[in-house]
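This is a predicted model, with the sequence first.
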Amino acid sequence: MLETYEDGPQSGVFTDGSANPNPGPGGWGAVYVVDGQIVAEASGTDPDTTNNRMELRALLAALDLVPEGTPATIYTDSNLAVKTVNEWAPGWKAKGWRRKTGPVENLDLVEPLYEALQERPELTVTWIKAHAGNRWNEYADSLASAYDREQR
């Protein structure tokens, strides 16, 4: 798989999540890379979930891969996850973790993720385009979808 892709950033934490069907069984993956070398990785599954939950779960795992105090960019191909932690969560927190339209979805993941990121200012979460040949994003995708391949 790594021989197939060469593009994209060569350092950072790359995350992905999936569910097939959505909702349904799902998986998540995170890989910490420095100068094109894997430092650490993690993955997991859930028998009944959504792709959004798996994306958030992968971001939570990413925090555990990077030693405290080490600056790193966390890449996710989920624009929803990026906007959740970077744009929407501060307002939701200020309103007691509520949205104008009701409760925050996936609050059990959103709140701890946001709080952990507040305690780790050396980490930034940014979007990366999915399925665009970015080597480490493709690798994270393969970790996240391993459960699906094993079921076939």
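Done, it's in. Residues are numbered from 1 along each chain as shown.

Check which helix or strand Ala81 maps to.
Per DSSP states H and E, Ala81 falls inside helix 79-83.

list the helices and strands that helix packs on?
helix 51-65, strand 123-127 (3 or more C-beta pairs under 8 Å, 6 or more residues apart in numbering; DSSP states H and E). (Glycine included, C-beta is placed from N, CA and C.)

Averaging pLDDT per element, find the lowest-scoring helix or strand in the chain.
Ranking every helix and strand in the chain by mean pLDDT, DSSP states H and E puts helix 146-151 at the bottom, with a mean of 78.

Next, the buried residues of it.
Ala146, Tyr147, Asp148 (16 or more other C-beta atoms under 10 Å).

again with stretch 29-45
Gly29, Ala30, Val31, Tyr32, Val33, Val39, Ala40, Glu41, Ala42, Ser43, Gly44, Thr45.

could I get the buried residues of helix 146-151 as CSV with distance to Pro103?
Converted to CSV, the buried residues of helix 146-151 look like this (distance: C-beta to C-beta, whole Å):
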residue, distance to Pro103
Ala146, 32
Tyr147, 28
Asp148, 30
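
Would you map the helices across this structure?
Assigned by DSSP state H, the helices in the chain fall at 51-65, 79-83, 89-94, 107-118, 135-144, 146-151.

I'd like those helices laid out as JSON lines, including distance to Lys100.
As requested, the helices of the chain are arranged in JSON lines below (distance: least, C-beta to C-beta, whole Å):
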{"stretch": "helix 51-65", "distance to Lys100": "19"}
{"stretch": "helix 79-83", "distance to Lys100": "15"}
{"stretch": "helix 89-94", "distance to Lys100": "9"}
{"stretch": "helix 107-118", "distance to Lys100": "15"}
{"stretch": "helix 135-144", "distance to Lys100": "32"}
{"stretch": "helix 146-151", "distance to Lys100": "36"}
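
who wins for proximity to Gly8 among those helices?
Closest to Gly8 of these, according to C-beta to C-beta: helix 135-144, at 5.4 Å.

Which strands and helices lie in contact with the closest one?
strand 12-19, strand 24-34, strand 37-49, helix 51-65.

got a list of contacts for it?
1-2, 4-10, 12, 14-18, 27-31, 33, 41, 43, 54, 58, 75, 77, 128-131 (C-beta atoms under 8 Å, 6 or more residues apart in numbering).
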